[in-house]
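build the 3D model from these lines:
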Amino acid sequence: METKASGPGAFARFDLASVPSPCFVVDEAAVRRNLAVLKDVGTRGGAKVLLALKAFSMWSLADLVGDYLDGVCASGLWEARLAREHYRGELTTYSPAYRRADLAEILRLSDTVIFNSPAQIARFRDLIDAARQQGEVFDIGLRLNPEHSECDVAKYDPCQTGSRLGFPVSQLRQEHLIGVDGLHLHVLCEQGFEPLERVWASLEPRLAAFLPQVKWLNLGGGHHITRGDYQREALIGLLRHIGERHGLEVYLEPGEAIALDAGILVGEILDTFENDLSVAITDISATCHMPDVIEAPYRPAMLNEASEGVSVRLGGPSCLAGDIIGDYVFASPPVAGTRIAFLDQAHYSMVKTNTFNGVPLPAIALWNSDTQGLRMVRQFAYEDFRDRLS
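Numbering: from 1, shown residues only. From the prediction side, this is the model:
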């Protein structure tokens, strides 16, 4: 995969020495701009837009999110709790499978609970009925697998052969929708409008007989709506088409689009040496702080990378031999103490950090590129590492 970062933007003038290292820095002004775009798409498209907490759950910005979006979507009990504690608006929860011990609370917290298969709905019918008898009000949804692949990388393709995500649309029958209020699908991964258009063209005729039985359709996430080249007018047209033609409430669940190009990860070079090529060890770990660099894999863009000079392999401080961020060009050889930063790290990187090897978690700072205001939101200590263990 390739980074979708569009460039440094306002971070070109950010003082990297103004925060501890390592540190995520999120630009509140950039998040607000993204939210405004999403609100406009939802308003003009007649759709509701929810923040996918799995991608960006910086709850210190929950009030800002609530000013623009219709709510959030969670991936399980803990995200649902976080949503109710800090966010406003609707809460939709989806998980590939629920634990019986968790589901009663999920039903209480959520406005909509989406199941992965009709069998799960049937198996938990007693809990659903009991919750409603206690006065809880919620919708039930069913996630579908459209059986139409658009992702180039198999591990990110929900429609791959043998996928565990969603009920195959080819197996859908009328009886599966008894007690179901809406349908959910999630097919994309950091993609533009055209893949969504193709998915819907493939799926719409297959759902024609079922859509009159439901009241909403959730198009999931993976939509890079706030990217500069996204065809937003075409998306608005499709949303209106679906809503008006089928009489449905339409939902979108963007995650990365909320924080796209809105955050950096600041770090510092700890040591340099030569080993057939120039090597530098940083306090940023791909393994611990940017795991998608290894899992995707991809090469994150570096702030102010030189166009020519010396190539240096940057790696993290963990013991994993593969804790390598990538090869980057510096105008002159960097030395210990040199500050660096990687672009577009607010989404997914922040929620996936870990403390393997006892590597410290990055601090979190909130910056406003319009006002230049900067405040530390969170700094982690040894106790945060210790208390995860036993």
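
Ser18 reaches Leu374, doesn't it?
Yes. Ser18 is within contact range of Leu374, at 6.2 Å (criterion: C-beta atoms under 8 Å). For glycine as for every other residue, the C-beta is placed from the backbone atoms N, C-alpha and C.

the nearest residue to Glu28 once chain neighbours are set aside: neighbouring residues, count only.
Closest residue in space to Glu28, ignoring its immediate chain neighbours: Asn368 at 4.6 Å, by C-beta to C-beta, 6 or more residues apart in numbering. Asn368: 17 surrounding residues under other C-beta atoms under 10 Å.

cool, the one 3 residues further on as well?
Neighbour count of Thr371, defined by other C-beta under 10 Å: 9.

separation between the residue lying closest to it once chain neighbours are set aside and Val37?
The shortest distance from Thr371 to any non-neighbouring residue, by C-beta to C-beta, 6+ apart, is to Ala29 (7.8 Å). Ala29 sits 13 Å away from Val37, going by C-beta to C-beta, to the nearest Å.

mind saving the C-alpha coords of the helix or strand hosting Gly243 as PDB?
For Gly243, the host element (DSSP states H and E) is helix 232-246. Output in PDB follows, covering the C-alpha atoms of helix 232-246 (Å, rounded to 0.1, in the frame of the first residue of the first chain):
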ATOM      1  CA  ARG A 232     -17.800  14.300  -3.600                       C
ATOM      2  CA  GLU A 233     -20.600  15.600  -5.900                       C
ATOM      3  CA  ALA A 234     -20.900  12.100  -7.400                       C
ATOM      4  CA  LEU A 235     -21.200  10.600  -3.900                       C
ATOM      5  CA  ILE A 236     -23.900  13.100  -2.900                       C
ATOM      6  CA  GLY A 237     -25.800  12.100  -6.000                       C
ATOM      7  CA  LEU A 238     -25.500   8.400  -5.200                       C
ATOM      8  CA  LEU A 239     -26.700   8.900  -1.600                       C
ATOM      9  CA  ARG A 240     -29.700  10.900  -2.800                       C
ATOM     10  CA  HIS A 241     -30.400   8.200  -5.400                       C
ATOM     11  CA  ILE A 242     -30.400   5.400  -2.900                       C
ATOM     12  CA  GLY A 243     -32.500   7.300  -0.400                       C
ATOM     13  CA  GLU A 244     -35.100   8.600  -2.800                       C
ATOM     14  CA  ARG A 245     -35.400   5.500  -5.000                       C
ATOM     15  CA  HIS A 246     -35.700   3.000  -2.200                       C
END
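
against which helices or strands is the next helix or strand after that helix packed?
Later in the chain than helix 232-246, the nearest helix or strand by DSSP H and E is strand 249-252. With contacts taken as 3 or more C-beta pairs under 8 Å, 6 or more residues apart in numbering; DSSP states H and E, strand 249-252 sits against helix 28-45, strand 47-52, strand 216-218, helix 232-246.

any idea which of these gets closest to Asp261?
Each of these has some distance to Asp261 by C-beta to C-beta; the shortest is helix 28-45, at 6.2 Å.

residues touching the closest one, excluding its own?
9-10, 47-49, 61, 64-65, 67-70, 225-226, 232, 235-240, 243, 250, 252, 254, 257-263, 346, 366-371 (C-beta atoms under 8 Å, 6 or more residues apart in numbering).

could you spell out the sheet neighbours of the longest strand that the chain contains, each with its direction?
When the chain is parsed with DSSP state E, its longest strand is strand 263-274. The pairing partners recorded for strand 263-274 under DSSP bridges are strand 23-27 (antiparallel), strand 278-282 (antiparallel), strand 339-343 (antiparallel).

what comes up buried for the helix or strand where Leu203 lies?
Secondary structure from DSSP H and E places Leu203 in helix 193-207. By 16 or more other C-beta atoms under 10 Å, the buried positions in helix 193-207 come out as 193, 195-196, 199-200, 203, 207.

distance check, the residue most central in space within the chain against Glu194.
In the chain, the residue lying closest to the centroid (C-alpha atoms, centre = their mean) is Ala55, at 2.1 Å. In this structure, Ala55 and Glu194 are 21 Å apart, going by C-beta to C-beta.

where in the chain is pLDDT low?
Scanning the chain for pLDDT under 70 picks out 1-4.

and with 80 instead?
1-5 (pLDDT under 80).

mind listing what the closest residue in space to Arg88 that isn't next to it in sequence touches?
Residue nearest to Arg88 in three dimensions, not counting chain neighbours: Gly66, with 3.6 Å by C-beta to C-beta, 6+ apart. Taking C-beta under 8 Å, 6+ apart, we find Gly66 in contact with 87-89.
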